[in-house]
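Chemist: Sequence and predicted structure, then a few things I'm wondering about:
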Amino acid sequence: MENLKLQSEKINTAVSTIIGLGGTGILQCVQCGACSAVCPGVRAGFPVLCRLLIRKILDGQLDEIIEDSSSWGCQACNRCTEVCPQGVRPQEVVFAFRRYQAGELAVSTSTTTSQMNMYEVGHAVFTDAQELRQQVGLPAKAPTSAYNETAQKEIQTLLNNSSMAELGLF
Amino acid sequence: MAKVGVYVCHCGTNIAGVIDVEAVRAHAETLPEVAVARKDLFMCSDSGQEMIKQDIRDGLVDRVVVAACTPRTHEPIFRAALEAGGLNKYLFEMANIRDQDSWVHANDPEGATAKAKKLMASAVGKAARLQPLEDKFVDVTKAALVIGGGVGGIFSALELADMGYPTYLVEKEPSIGGVMAMLDKTFPTNDCSACILTPVMVDAGNHPNVKLMTYSEVEDVDGYIGNFTVKVRRKQTYIDWQKCTGCGACAEACPVRTTNEFNQGMDKRPAAYIHFPQAVPKKAVVDMEHCINCAGRKLGQEPKISKKTGKPMLAPCELACPADAINRSLPLDPQGRIEEIKVGSIVVATGFQVMDKGWFKEMAPEHPNVITALQLERLISATGPTGGNLYMPSTADKKPKTMTFVSCMGSRDEKFHTYCSRVCCMYMIKQARLLKEKYPHMNIYMHFIDVRTAGKDYDEYYVGARKMGVNILKGKVGGLQIIDDHRLRVLAYDMEAGTPVEYESDLVVLATAIELPESAKKLAQTLGLQFCGSNFFKELHPKLGPVETSTRGIFLAGCCQGPKDIPDTVSQAKGAAGAAAVPLAQGKVKIEPILSEVITELCSGCGICVPLCPYDAITLKIHAEKPRAEIDITQCKGCGVCTSACPSAAIVLHGYEDEQIYAQIAALTA
């Protein structure tokens, strides 16, 4: 393993970047590890989440981990925030790091399909459940943008005017 | 006209880093009442004080103003300098240009300097009008009160008693001993807790100068240093302690089974019970809240007469008592009785409680095999519910194969307490070591944010646990999942490996935080104690006044002042006893003459001041056949309520006279 070179400029940049993008509690972290103990993402094999992600940012390693796909393993369950004894809100740090990655176009390929779905039908993940709904006596089509062209147009207009459009995916 | 000397202090850079000290000094010279204006790097230093003394001796000044820090810490120093120079020490006034100026206006040097000039000028205005005053002295009651009969309270009481002062030791439970009596062994020597505590408890019980008042609570405190009057409620024991021999026959006969607090709720005790086997005093009480009034006979009723035998049908406890100490026919007052005692100083040693596991929802608190560390302490104690055998609480007789210790439950956690409870790391290591010694094949996993072992021989004790094969993991446990009635899944994290950890455990011990019990908060109101940011009792000064409080004559010892282990508690208890003995040894206490006084000639005897006084210090007495107000200087606190309310302006508050205050206002608004 290569030696870690600690540089105050890199540390300051990394911390202020994450705080600026919404990870405002990062400096409160005492590295107890409770967040990673309950994180389903860490368990599923995405190590640079919660505790380790915060550690790497506090070491100024923003560029070094920019291509790491761990952050996209966050399921947004927020258990980390529940168990954190210091009010760090680790999920917000993860999301801030994702925003940083997205801004640098270092978006995991695993997210492209979800984003395209979002653009086309208004759902990141969408399952057409018409048959199932009919079986249980519900109208086949759920009242959602998936079956509503006007709503889809509106969503596309919104997305085209948001910072997501800058990623050039749609 | 008065000749005021003004001395402006740099306080290193504390003041001079913000305020232009020379400008303040130069401004003083322009004030008509100022005779001399000087400055120094540290006015409180020998050379600074000498400057003041010399000016007094040279006849240059007859009033002194020091513009520096706070009178709370430094007024006594400068008053002493005045006295040494030959001037009445009350001809002194301090202007606080540090705490109230340079520290709070660090970003505005110009504004701070302007404010310093005003504060100094205001002090000069007052100083020029000060009158010489004389200290007053009153006799003290040479006795002490210690509240709380844990290890801290016991040692405070024994120290005071050994110095020859009659000492009352008040404890709310039936026996002294406190939490230490519940512990199995103590770190870092593995001394048996009962073996080292019991002799000290017995000493306290037998000492001719210690008066034990157990099963009692302090209800009211009146008075001041040297002369406190304390009302102690002696709770109703329902058993005549003069006759009770502590044989325990009543407890054996009593059919009730209710929660046993001493065993942390892990077994049951009768309603008639002895606190614990080594209790001092070893006396039984009846917990009337849980007494079932056998045979439907309420307390105070004569027993029914048996038709068969013609004899009275007594309750089992009455029948069992060989000493005739229980008589349920007596109309005993459930409130007990109030005993009034007089003491000169008070040591508060009310201890702590540990947080309940119920607070920690992610730790499966409803599962029987999740327990607090204090519950484990009872489980491994020979006097505990299992006779010292470590059985899983979900079973009657099975030992755990795998055990887990979880640190920092409610400590270092902004949702509960941000402070470190200080003793948990060490007592968990102790428990793990004791168990590993007794059951070498048991798997023990301990999870710490980090291991804190600051103390003599503590780190060696911790490293010893590692050598014994106790598994120590860095990383806080995130949660527990219930597998079945007996097992739990631990969701943890190995910080060093950077990986999540998951395993099954048979018994999980939570090191729950130390906190101040609710009952102590009520006592704080009675005694006028303040709380610190962590909600413990606040000491006078965090470094230099660790046993004193802001109320003179009241001292602190042990965990009521903040979490600490047994050696620290005993040290503080002995320190508090030493400090509490000072006024008793002096025999007299000084009362500062900053008090209100009635000018009898001006008093009309209207009596308006009498009910207004918050300290009941004023009474109407007959002077030349007319009622006139009179102030008891031992009760007066110098608050000034009477002075401002008197319609005849007949009451003077010395040190804060009208003329002095007007001069201050004039200077501040100039």
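Modeler: Sure thing, it's come through. Fair warning: this is a prediction, and the values are worked out from it, not measured in the lab.
Chemist: Mind pulling up the pLDDT for residue A:1?
Modeler: pLDDT recorded at residue A:1 is 67.
Chemist: Next up, the contacts around the nearest residue to residue B:319 once chain neighbours are set aside.
Modeler: Spatial nearest neighbour of residue B:319, chain neighbours left out: residue B:253 (6.8 Å); criterion: Cβ to Cβ, 6 or more residues apart in numbering or on different chains. From N, CA and C alone the C-beta is placed, and that goes for glycine too. Contacts for residue B:253 (Cβ atoms under 8 Å, 6 or more residues apart in numbering or on different chains) come out as B:272, B:316-317, B:319-320.
Chemist: So which of these are in strands?
Modeler: residue B:272 (DSSP state E).
Chemist: Just the closest of the contacts of residue B:253 to chain A, please.
Modeler: residue B:272 (44.1 Å; Cβ to the nearest Cβ).
Chemist: and the closest one, bridged to which residues?
Modeler: Beta-bridge pairing of residue B:272 under DSSP bridges involves residue B:286.
Chemist: give me every residue that touches the closest residue to chain A within chain B.
Modeler: Closest to chain A within chain B is residue B:478: 3.0 Å, counting by Cβ to the nearest Cβ. The neighbours of residue B:478, taking Cβ under 8 Å, 6+ apart as the test, are A:33-39, A:79, A:83, B:362, B:491-493.
Chemist: cool, and residue A:68?
Modeler: Residue A:68 neighbours (Cβ under 8 Å, 6+ apart): residue A:48.
Chemist: ok, now how distant is it from chain B?
Modeler: Separation of residue A:68 from chain B (Cβ to the nearest Cβ, to the nearest Å) stands at 13 Å.
Chemist: How confident is the prediction for that residue, by pLDDT?
Modeler: 92.
Chemist: now the one 4 residues further on
Modeler: We note a pLDDT of 90 for residue A:72 in this prediction.
Chemist: Kindly report the same for the one 10 residues further on.
Modeler: Predicted confidence (pLDDT) at residue A:82: the value is 95.
Chemist: Is it correct that it falls within a strand?
Modeler: No: according to DSSP: H, G, I helix; E, B strand; the rest coil, residue A:82 belongs to no strand; its state is helix.
Chemist: can you pull the contacts of the spatially closest residue to it that is not a sequence neighbour?
Modeler: Leaving out its chain neighbours, the residue that sits closest to residue A:82 by Cβ to Cβ, 6+ apart is residue B:362, at 7.1 Å. By Cβ under 8 Å, 6+ apart, the residues touching residue B:362 are A:38, A:82-83, B:478-480.
Chemist: Distance of residue B:362 relative to residue A:32?
Modeler: 14 Å (Cβ to Cβ, to the nearest Å).
Chemist: buried ones in stretch B:343-358?
Modeler: B:343-355, B:357 (16 or more other Cβ atoms under 10 Å in any protein chain shown).
Chemist: With neighbour count and pLDDT added, can I get the contacts of residue B:253 in TSV?
Modeler: What follows is those, written out as TSV (neighbours: other Cβ atoms under 10 Å in any protein chain shown; pLDDT from 0 to 100):
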residue	neighbour count	pLDDT
B:272	29	97
B:316	19	95
B:317	27	96
B:319	14	94
B:320	18	96
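Chemist: Just give me the closest of the contacts of residue B:253 to residue A:7.
Modeler: residue B:272 (72.3 Å; Cβ to Cβ).
Chemist: which residues touch the closest one?
Modeler: B:239, B:250-251, B:253-254, B:256, B:284-287, B:291, B:317, B:326.
Chemist: if you set the cut-off to 7 Å instead, what comes out?
Modeler: B:250-251, B:254, B:284, B:286, B:317 (Cβ atoms under 7 Å, 6 or more residues apart in numbering or on different chains).
Chemist: Now, of the residues you listed, which are buried?
Modeler: Looks like those have B:250-251, B:254, B:284, B:286, B:317 buried, using 16+ other Cβ under 10 Å.
Chemist: Please report how far residue A:22 lies from chain B.
Modeler: 20 Å.
Chemist: Domain-wise, how is chain A divided?
Modeler: As given by automatic domain parsing, the domain ranges for chain A are A:8-103, A:109-163.
Chemist: How far does the last one stretch from one end to the other?
Modeler: Distance between the boundary residues of domain A:109-163 (Cα to Cα, to the nearest Å) amounts to 18 Å.
Chemist: State the mean pLDDT of that domain.
Modeler: 91.
Chemist: if I look at the residue lying closest to residue B:380 once chain neighbours are set aside, how far off is residue B:379?
Modeler: Distances taken as Cβ to Cβ, 6+ apart place residue B:184 nearest to residue B:380, at 4.9 Å, with adjacent residues excluded. The gap separating residue B:184 from residue B:379 is 9 Å, by Cβ to Cβ.
Chemist: Next: residue B:183.
Modeler: 12 Å.
Chemist: now residue B:592
Modeler: From residue B:592 to residue B:379 the distance is 55 Å (Cβ to Cβ).
Chemist: which ones are touching the nearest residue to residue B:188 once chain neighbours are set aside?
Modeler: Using Cβ to Cβ, 6+ apart and skipping residues adjacent in sequence, the residue nearest residue B:188 is residue B:461, 3.8 Å away. Residue B:461 makes contact with B:187-188, B:429, according to Cβ under 7 Å, 6+ apart.
Chemist: What about these, which are in helices?
Modeler: Secondary structure defined by DSSP state H assigns residue B:429 of the contacts of residue B:461 to helices.
Chemist: Write the ChimeraX selection for whichever of the contacts of residue B:461 are buried.
Modeler: A single ChimeraX command selects the buried members of the contacts of residue B:461 (16+ other Cβ under 10 Å):
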select /B:187,188,429
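Chemist: tell me which element the nearest residue to residue B:415 once chain neighbours are set aside falls in.
Modeler: Leaving aside its chain neighbours, residue B:415 sits nearest to residue A:85 (6.8 Å; criterion: Cβ to Cβ, 6+ apart). Assessed by DSSP states H and E, residue A:85 sits outside every helix and strand.
Chemist: In this model residue A:32 seems to touch residue A:85, though I could be wrong.
Modeler: Yes: if you go by Cβ atoms under 7 Å, residue A:85 and residue A:32 touch, sitting 6.5 Å apart.
Chemist: can you list the domain ranges for chain B.
Modeler: B:4-135, B:144-229+B:342-351+B:519-588, B:236-335, B:354-515, B:596-653.
Chemist: Deepest-packed of these, please.
Modeler: Comparing the domains of chain B by mean neighbour count (mean count of other Cβ atoms under 10 Å in any protein chain shown), domain B:144-229+B:342-351+B:519-588 ranks first with a mean of 21.
Chemist: what's near enough to touch residue B:170?
Modeler: Counted by Cβ under 7 Å, 6+ apart, residue B:170 has contacts B:145, B:147, B:213, B:216, B:218, B:232.
Chemist: Please apply the same query to residue A:74.
Modeler: A:41, A:49, A:91, A:94.
Chemist: from those, which single one is nearest residue B:647?
Modeler: Closest to residue B:647, out of all of the contacts of residue A:74 and judged by Cβ to Cβ, is residue A:91, at 67.1 Å.
Chemist: Show me what residue B:482 is bridged to.
Modeler: Applying DSSP bridges, one finds that residue B:482 bridges with residue B:488.
Chemist: do the same with residue B:507
Modeler: Where residue B:507 sits in a bridge, its partners, by DSSP bridges, are residue B:403.
Chemist: hang on, it packs against residue B:392?
Modeler: Yes: the pair residue B:507 and residue B:392 passes the contact test of Cβ under 7 Å, sitting 5.6 Å apart.
Chemist: Need the residues touching each of those two.
Modeler: In contact with both residue B:507 and residue B:392: B:369, B:400, using Cβ under 7 Å, 6+ apart.
Chemist: Which pLDDT does the model give the nearest residue to residue A:160 once chain neighbours are set aside?
Modeler: Residue nearest to residue A:160 in three dimensions, not counting chain neighbours: residue A:170, with 7.7 Å by Cβ to Cβ, 6+ apart. Note on residue A:170: pLDDT of 72.
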